[in-house]
Every structure is written in C-alpha cells, then in structure tokens.
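J.: Kindly return the folded structure for what I paste below:
(2 chains)
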Number of protein chains: 2
Amino acid sequence: MESNKLNKEVNRNLFKKEVKVFAPATVANMVCGYDVLGFALEEPGDLVIMKSSDTPGVLLKSITGDDGKLPMDPTQNTVSACCMMLLEDLGLTGEIGVEIELHKQMPIGSGLGSSAASTVGGVFALNELLGRPLSREELLPYCLHGEEIACGHPHPDNVTPALMGGITLIRSDDPLDVVNLPVPDKLFAAVVFPKVDVPTRDAREMIKSRVLLKDAVKQWGNIAGLVAGLFRSDYELIGRSMEDVLIEPVRSILIPDFAQMKEIALSLGALSFGISGSGPTVLAMCKSAEDATAIKDALSAHLESVMVESYAYSSKVNAEGPKCLSN
Amino acid sequence: MESNKLNKEVNRNLFKKEVKVFAPATVANMVCGYDVLGFALEEPGDLVIMKSSDTPGVLLKSITGDDGKLPMDPTQNTVSACCMMLLEDLGLTGEIGVEIELHKQMPIGSGLGSSAASTVGGVFALNELLGRPLSREELLPYCLHGEEIACGHPHPDNVTPALMGGITLIRSDDPLDVVNLPVPDKLFAAVVFPKVDVPTRDAREMIKSRVLLKDAVKQWGNIAGLVAGLFRSDYELIGRSMEDVLIEPVRSILIPDFAQMKEIALSLGALSFGISGSGPTVLAMCKSAEDATAIKDALSAHLESVMVESYAYSSKVNAEGPKCLSN
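T.: Numbers count the residues shown, from 1 in each chain, chains lettered A, B, ... in the order given. Reported below is the predicted structural model:
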C-alpha cells in the first residue's frame, strides 16, 4: 500500500491495459429543480478510451467530434486535468502513464451537460484502469474539479447525475449532500437541441438574483411534489410538478419557438415540457418510449419548418450512469 | 335522495344524535416548507361536541377555554360558519338543527393552527352526525372557508394536515393539489409555546415579498431532501433538511431566546429545530418519544428561568387526523 493523500490501497495486479467508457448526457434542473436536480440519459453521451502507457503523465492523445472547440492543453482540458488531480491524490504522479482519446458524441454548450459527460467519462475510466480504488461517491470531487475548469464554478447538477446515474438531488452544495432519488420504470425523455448558441455563462447571467417569494413557494411546492411523484411512480403528479415559474419565463426567450414546441409536446402526451439545464435544449418528460420518440420527431420537424437545425434524442432515464463498454 | 349543490345522498337512517370529535393542533411549514408543508400532532387539540336539535339551524351553544377571545356570532365563528355552509350545500338548511360545544384545549394565536383545529373539528363532526355523506377530501373546501373567516385568507397549510392527518404537502393552492406524505414510524415533535403575542397577520407582514434566489435554491434543496427523507424514513436526512434560511432569520426575532432554545434542543438530540407556523411556538423534531419529552421539559424550564410562561407538548406525528371519541 502506497502512502497518498486519499489513503487508498492501489493494487497493481488489478490494473488494466485499456478501458472504454460511455458517460451520459444529463438534464440539469429537471424543470422545477433549478440548481439542485438532474438526471442522466441513455443517449447521447461521450466515449473515453484510456490506455496505460509506459511514459508517466496524462497524455490527451486525441479529441474527435468537438469541431476543434475543446482545449488540447492537458491542464486546461477538463478530462485530463481531473485525471491528473486524481493521480496526484493517489500518489501516482510521475509513475503511472495514461493516454486518453475523447470522442465527443453530443453537442457542446447545448444544455445537456457536455463537459460533465467528458469529465465523468475520464475520471470513471481512470478509476477503472487502476482497478477501481475509489467508490463512485469518492470520484465526485474530481468531477466537480472538471466543472470548475469548464464553467468557472464547480456546479454539481450535471456531474452528479452523470456519475451516479438516475435522478440526483443536490440537497446542499456546501457541504455537498447528494441524495439519489428513485427512477420510476416508465420515465422517458425527449431532448431536442436547436442549433443556436446560448453559452451557459450568459444563460446564468439572465437570471435575477432576487425572486418573488410567492413564486419561490410555487417552485418548492413543485419540487416537493416531484420528489413524492418519483417515490410513488405517480406519473401525473410528476407531470403536474415539473413546472418552472421562475427561470423558464426568462431563459425561454433565448430558445426559438419555445412556446410552440411546448404546445406540440403537451398535445402529444408529454407529462411536462421545459428547458434542459441552461438551454437551449428543451426537455419533454414522457411515460412511454413511443411518446418520447413521437415528440422528439415532431419537435425536430417543427424546428426544421422554421429553418432551425436540431439534434434530437429520446431515451429512458438512465439509472446506471457511466459504464465500461466491452473491450 | 335530495337535490342539493353537492349532489350527495343524505341517508337520514345514518344520522346520529351526538358526536364528540377531537381535532388536532398542527405545525405548518415544517421548518423548510413555508406555506406548503404541515403535519398533525396527537396533542394538543380541540374538542367539538355536536348534538342534533329539533330547531333548524346552527346553534353555537358554548365555547370554553378561549378566554372570551372567539366570536359567538355564528356567522363570524369559524366552526359554526363552516357548518352552515356545509348544510347549505347539502340542501339541509332550514331543516336540520345542530348544537355545538367547542372546547378549546390549546392556546389561540400560538402558531399551532388553533383556528384550523376548531374548524376541522366542527366540519368533521357535522359530517359524522349526518352519517358521513362526504369524504375527507370533500370536506377540505369547508375547512378552508373557516381559515378565510379566521385569517382573511384560505391558507391550507394548517387545515389540510388537521383534516387529513399525517404530513401533507400543498403542491399548489390554485388549483388545490394536496399530496399526503408518508409518516416515518419514529417521528416525534416537541412543541413549546412561549406566552408572548405574535398575531399571524403581523408575522406574515414581516416576510419580505422578494428573496435571494440563492436562498430560495437552498430552501428547495431542503424541502426536496425532507420529502425524500420521509419516504426513506431517513431521520438524519430529515434533520439535515429541516433548515429554514429564509423565514426563520426574520421571524425568530419575535421569539424570546430562540437561539438559546435551538442550542438546547440540538444538544439534547433534536433532529432539527425551528418555528411552528408563524410562531411564537417552536418545534423540535425528534426520533424518539423520550427525546421529545426531555426537550419539551428543557425548553419549558429554560423559558421559566427567563420569566416566560409556556405551554409545552410532546407528541408523535399524528397520522390519523380528527377522530370521533367514544360516546
């Protein structure tokens, strides 16, 4: 056993040569739970391939699918920077070498937790490569470090569901207190990203620092209703509760045809409709795969009719989180 | 079957001569759930004795324990006014006569839902006297009418748990959407009323109409954590979540030695400590009857040491709500 900051046993016999990890996109806020709720999707998600190397250090070998948007400097790239931090805390810096390929398989800056997926993929992959010395919960601080690099603040609302899977509640971010919520059997999401640019920082700056107490009361009635609905698998209650009276009226202005898309989704049986994270991706929560697919297609078709390109996905809520793909 | 507004069958064969009903005190807000959460206590509570009479109409025969504070005018007294409304909607005005005795067994204007207990006692008793034509849920609008008479607004956060029992969430008050939450086995409350005057209206007026979004986020993280804790019977999570960063800092100023009482309660093992309703009653949530009793006694003793009289109670969370006592 090594002496290291984490005081974790690292067993070299368990080390792997290569791992291939899928890490999921996530929907922060879940409409009524601004800054505290989030859930993971089954698709899209990023792919991280990590190989052990004889040269000590973290080598960011290649990134695909990012249109050249992501930094290749290993101290600035969230994936490599988090891995360097984890190696350091395990006392393995200067000894262990890894090579990383990051395959971005989702749009960046879309409100689907793109940076969180990459970070979680990297940290999860490194932990697997090293024979899993840390639990998932213990990996969270390293993933938060990635969000700090990517967004300037360690927001936990995407990395937490991306890492833990399912639906997560950040009851408190200081000290961090994460509650895993139950995932009802038949909970599906349609997410549609209209290709317009809404950087997370701008979307955050639109939000007023003060809100009406009566609106806040509605919001916490809704979040309490949503949590009860999740425990009871009460889909109607989930739908009624996923309403956002505070953030949506402001942020939806940045999203093309938001009101029309909401009308379309609800008319096709969506339980609820709102903004995913800071947008511009929109979310329709559904109680069947068929509803989610039909709504995804209808929203894409609508955006096409108004000359807006889009990426659209439909997916079950992903209870598992990141996973190793067969090697 | 009568023709009436409620379109309910009233079966005269089921009518009773007399009922005696206990209706519980309630703790609104449950610390972190301002205006949306509440729970019922096993004690204190009010007693309503209702007898059928040959003289049509609602006679408010006597009130005890109110120090003459409550109106005897049957249109101004919440108990009789609600009963008149229910008889009217059942098409029984001018035909059925009832006599009411109200025995107040708890302090008025204390933050324990005194008016709600009386109203619920009256409405529940009348429904029992008439052979139970309405379900509990159907009685709620009549109880809300009582809160409107007593407080100027039909606040549902005390009448709902007083009528339904247990812990209730008002997800929305317009349209009214009530969610019954689970009551963990070992959830106890110590409630202590320091005898100082804090009228509900004044306590409401202290609250600012705008709040910081970051505080609201903490509050809804907490209410979501509390609901999850109730479903999982996770007492530590319940305790961590019952924290109020918005209302308590303002209202606690009106409560003698609030900070000292909080320290005493937490040092004796309370899961959480806060204000009951609009105060000045304080609440310590506990995970055993012994803790609740010890904390109740310690808080009373502390108040006595600073020359403040108090009423103190300890009780399990009351899952049942109002009940008929043996006749």
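J.: And the helices in the stretch 1-150 of chain A?
T.: With DSSP state H, counting those that start in this stretch, the ranges of helices along the stretch 1-150 of chain A come out as A:78-89, A:114-129, A:136-151.
J.: Which among the ones you listed is found nearest to chain B?
T.: Of all the helices of the stretch 1-150 of chain A, it is helix A:136-151 that lies closest to chain B, at 15.2 Å by Cβ to the nearest Cβ. C-betas here are computed from N, CA, C, even on glycine.
J.: So is the closest one next to chain B?
T.: No. Helix A:136-151 is not in contact with chain B by Cβ under 8 Å from any Cβ of the partner chain; minimum separation 15.2 Å.
J.: ok, back up a step: Serialize the helices of the stretch 1-150 of chain A to CSV and add fields for mean neighbour count, distance to B:L139 and mean pLDDT.
T.: Below are the helices of the stretch 1-150 of chain A laid out as CSV (neighbours: other Cβ atoms under 10 Å in any protein chain shown; distance: least, Cβ to Cβ, whole Å; pLDDT from 0 to 100):
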stretch, mean neighbour count, distance to B:L139, mean pLDDT
helix A:78-89, 24, 57, 94
helix A:114-129, 29, 48, 96
helix A:136-151, 21, 46, 91
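J.: As a markdown table, the ones you listed with distance to B:V211 would be great.
T.: Shown next, in a markdown table, are the helices of the stretch 1-150 of chain A (distance: least, Cβ to Cβ, whole Å):
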| stretch | distance to B:V211 |
| --- | --- |
| helix A:78-89 | 33 |
| helix A:114-129 | 29 |
| helix A:136-151 | 25 |
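J.: Quick one: closest of these to A:V183.
T.: Among these, helix A:136-151 comes nearest to A:V183, with 15.9 Å by Cβ to Cβ.
J.: which element follows that closest one toward the C-terminus?
T.: helix A:156-164 (DSSP states H and E).
J.: Packing partners of that following helix?
T.: strand A:18-28, strand A:37-53, helix A:114-129, helix A:136-151, strand A:167-173, strand A:176-181 (3 or more Cβ pairs under 8 Å, 6 or more residues apart in numbering or on different chains; DSSP states H and E).
J.: Ramachandran coordinates for the nearest residue in space to A:I238 that is not next to it in sequence?
T.: Of all residues not flanking A:I238 in the chain, A:G229 sits nearest, at 3.8 Å (Cβ to Cβ, 6 or more residues apart in numbering or on different chains). Per-residue torsions, A:G229: phi -60, psi -40 (degrees, to the nearest 10).
J.: quick one: contacts for A:G229?
T.: Shown in contact with A:G229 (Cβ atoms under 8 Å, 6 or more residues apart in numbering or on different chains): A:Y235, A:E236, A:L237, A:I238, A:S241.
J.: who touches the last one in this structure?
T.: Residues in contact with A:S241 (Cβ under 8 Å, 6+ apart) are A:C32, A:N222, A:I223, A:A224, A:G225, A:L226, A:G229, A:S272, B:R171.
J.: Please apply the same query to the fourth one.
T.: For A:I238, the contacting residues are A:P184, A:L187, A:L226, A:G229, A:L230, A:L271, A:S272, A:M285, taking Cβ under 8 Å, 6+ apart as the criterion.
J.: Which of those residues sits closest to A:V48?
T.: Nearest to A:V48 among the contacts of A:I238: A:L187, at 26.6 Å, using Cβ to Cβ.
J.: What distance do you get for that closest one to chain B?
T.: 16 Å (Cβ to the nearest Cβ, to the nearest Å).
J.: Helix or strand, whichever it is, which one in chain A has the lowest mean pLDDT?
T.: When each helix and strand of chain A is scored by mean pLDDT, DSSP states H and E, helix A:200-206 comes last, with a mean of 71.
J.: A:K69 against A:S114, yeah?
T.: No. Counting by Cβ atoms under 8 Å, A:K69 sits too far from A:S114 to count as a contact (9.7 Å).
J.: Overlap in contacts, these two.
T.: Here A:K69 and A:S114 have A:I108 as joint contacts, going by Cβ under 8 Å, 6+ apart.
J.: picking up where we left off before, pLDDT added to the contacts of A:I238, as a markdown table?
T.: Below are the contacts of A:I238 laid out as a markdown table (pLDDT from 0 to 100):
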| residue | pLDDT |
| --- | --- |
| A:P184 | 97 |
| A:L187 | 97 |
| A:L226 | 98 |
| A:G229 | 98 |
| A:L230 | 98 |
| A:L271 | 98 |
| A:S272 | 98 |
| A:M285 | 98 |
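J.: so where is chain A shaky, pLDDT-wise?
T.: In the predicted model, chain A carries pLDDT under 70 at residues A:1-4, A:198-201, A:203, A:327.
J.: residues near the closest residue to A:C32 other than its chain neighbours, how many?
T.: Nearest residue to A:C32, sequence neighbours excluded (Cβ to Cβ, 6+ apart): A:N222, at 4.1 Å. Number of residues near A:N222 (other Cβ atoms under 10 Å in any protein chain shown) recorded here: 25.
J.: do the same with the one 4 residues further on
T.: A total of 30 residues lie near A:L226 under the criterion other Cβ under 10 Å.
J.: gap between the one helix or strand it maps to and the chain center?
T.: Using DSSP H and E, A:L226 sits in helix A:213-232. In terms of Cα atoms, centre = their mean, to the nearest Å, the centre of helix A:213-232 is found 22 Å from the chain centre.
J.: same question, stretch A:6-16
T.: Mean-position distance between stretch A:6-16 and its chain equals 28 Å (Cα atoms, centre = their mean).
J.: Just the closest residue of the stretch 1-150 of chain A to chain B, please.
T.: Nearest to chain B in the stretch 1-150 of chain A, going by Cβ to the nearest Cβ, is A:V36, at a distance of 4.4 Å.
J.: Distance check, the nearest residue to that residue once chain neighbours are set aside against B:M84.
T.: Nearest non-adjacent residue to A:V36, counting by Cβ to Cβ, 6+ apart: B:G221, 4.4 Å away. Between B:G221 and B:M84 the computed distance is 44 Å (Cβ to Cβ, to the nearest Å).
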